[in-house]
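how would this look folded up:
(one chain, ligands or ions: 1)
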Amino acid sequence: MTATPAFALLLDVDGPIASPVTRDVKPEIIGLLLELAVAGIPVIFNTGRSDDFIKQQVMDQMIAAGMLAGLCIHAICEKGATWFSFTADGPGMVHIDHELSVPSAYAADIRQLVAEHYCAHMFFDETKRSMVSVEQHIDVSNLDYRAEQQHFDADALAAMARHGLGAARLDAHHPDGDDAINYRVDPTIISTDIESVRLGKDLGAARACELLAADGILPAAWYTVGDSRTDYAMADWLHHHGHEVSHVDVRPADGVPAKAYPILTAATLGEPESTIHDDAGLAFLRHWRSLLG
Ligand SMILES: [Mg+2]
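Prediction:
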């Protein structure tokens, strides 16, 4: 038997759910996520963060807020490389697609590189299981970090070549001996992510559909929510595969691209343009909760 909820939620975490400033999740957001899930709306997280981050910032709060027995929430982490599900009893096992992992010898080199040369500005994220992420210390100025990041990224690319791995960073391509590029060095505002080129929010969307199908759930429609351009890949993938989808952009200041599916912003709900990030996420969760009566 297939359940067909009116819609499902596929949620980026940093930005629409967790404040990008404090990293915390507002208690009202936790409460609304639980109410929607209890009403039969699938709530799925799709993040570049580690499973550990989701457990600490989201899962623990949902359980502490009184998550009902029988509810199961899926979390796709590390841009689709890992995933797990949790209930009121805690997390299930973390699944890892090892084919998508950065080689461990390379990761070990980067850990050492950070320890020896970059530890004043950044740290090696030990909670990642598949990607390699090196993140800014919060007590360092972002300007200083961004300058240092340029040097770190160059060293990370040089290490790729030493390991015989092909990598791309932005527009620069450095193929391996077979002319292949299997990894990317992706500088963000607060970190550098080093990962398989197959990782992305689109892979997360595919995994979300697989996880719901295994639960016997086929949503009639989807809402995807994010704060970055890369988050549109969730909606792109769902639309391309014939699902009805609307994308919520909680930080539309970057410009809203033309897409074949509806794009919603806080202004769609009549909110002022200053309603962004988790405030916009909260406004949409309230709206969806109200639809259920
Ligand atoms: Mg985000």
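
what pLDDT, on average, does stretch 280-293 get?
Averaging pLDDT along stretch 280-293 gives 95.

for stretch 16-23, that is, sorry about that
Here stretch 16-23 scores 86 as its mean pLDDT.

tell me how far it lies from the chain's centre.
Centroid separation for stretch 16-23 versus its chain: 12 Å, with CA atoms, centre = their mean, to the nearest Å.

and if you look at stretch 225-240?
11 Å.

distance between the ends of it?
Start-to-end span of stretch 225-240 (CA to CA, to the nearest Å) is 17 Å.

that stretch near the ion anywhere?
Yes - Stretch 225-240 comes into contact with the ion (CB under 5 Å from the ion), by way of Asp227. Using the backbone N, CA and C atoms, a C-beta is placed for each residue, glycine as well.

got the contact list for the residue lying closest to Gly281 once chain neighbours are set aside?
Spatial nearest neighbour of Gly281, excluding adjacent residues (CB to CB, 6 or more residues apart in numbering): Pro16 at 3.6 Å. The contact partners of Pro16, by CB atoms under 8 Å, 6 or more residues apart in numbering, come to Val225, Gly226, Asp227, Val248, Val250, His277, Asp278, Ala280, Gly281, Phe284.

these two touch, right, the fifth one and Ala280?
Just to be clear, that refers to Val250. Yes - contact status for Val250 versus Ala280: in contact at 3.8 Å, counting by CB atoms under 8 Å.

intersection of neighbour lists for the two?
By CB under 8 Å, 6+ apart, the residues touching both Val250 and Ala280 are Pro16, Thr265, Ala266.

my guess is the second one contacts Gly281, does it?
No - counting by CB under 8 Å, Thr265 stays clear of Gly281, with 11.7 Å between them.

those two: who's more crowded?
Gly281 (30 against 21; other CB atoms under 10 Å).

please, which helix or strand holds the more buried one?
Secondary structure from DSSP states H and E places Gly281 in helix 277-291.

centre of the chain to that helix, how far?
With CA atoms, centre = their mean, you get 19 Å for helix 277-291.

over to stretch 57-74?
Distance, centroid of stretch 57-74 to centroid of chain: 19 Å (CA atoms, centre = their mean).

ok, now stretch 213-230?
The answer for stretch 213-230 is 13 Å, by CA atoms, centre = their mean.

can you tell me the distance between the two ends of stretch 40-51?
Start-to-end, stretch 40-51 (CA to CA) is 24 Å.

ok so Ala107 is a helix residue?
Yes - residue state for Ala107 (DSSP: H, G, I helix; E, B strand; the rest coil) corresponds to a helix.

look up how far His137 lies from it.
20 Å (CB to CB, to the nearest Å).

who has more neighbours, the two?
The neighbour comparison of Ala107 against His137 (other CB under 10 Å) goes to Ala107, with 17 against 14.

grab the nearest non-local neighbour of that one.
Ala107 sits nearest to Val132 (CB to CB, 6+ apart), 5.0 Å away.

now the closest residue to the ion within the chain: closest residue in space, sequence neighbours ignored.
Nearest residue of the chain to the ion (CB to the ion) works out as Gly15 at 3.5 Å. Nearest non-adjacent residue to Gly15, counting by CB to CB, 6+ apart: Asp227, 2.9 Å away.
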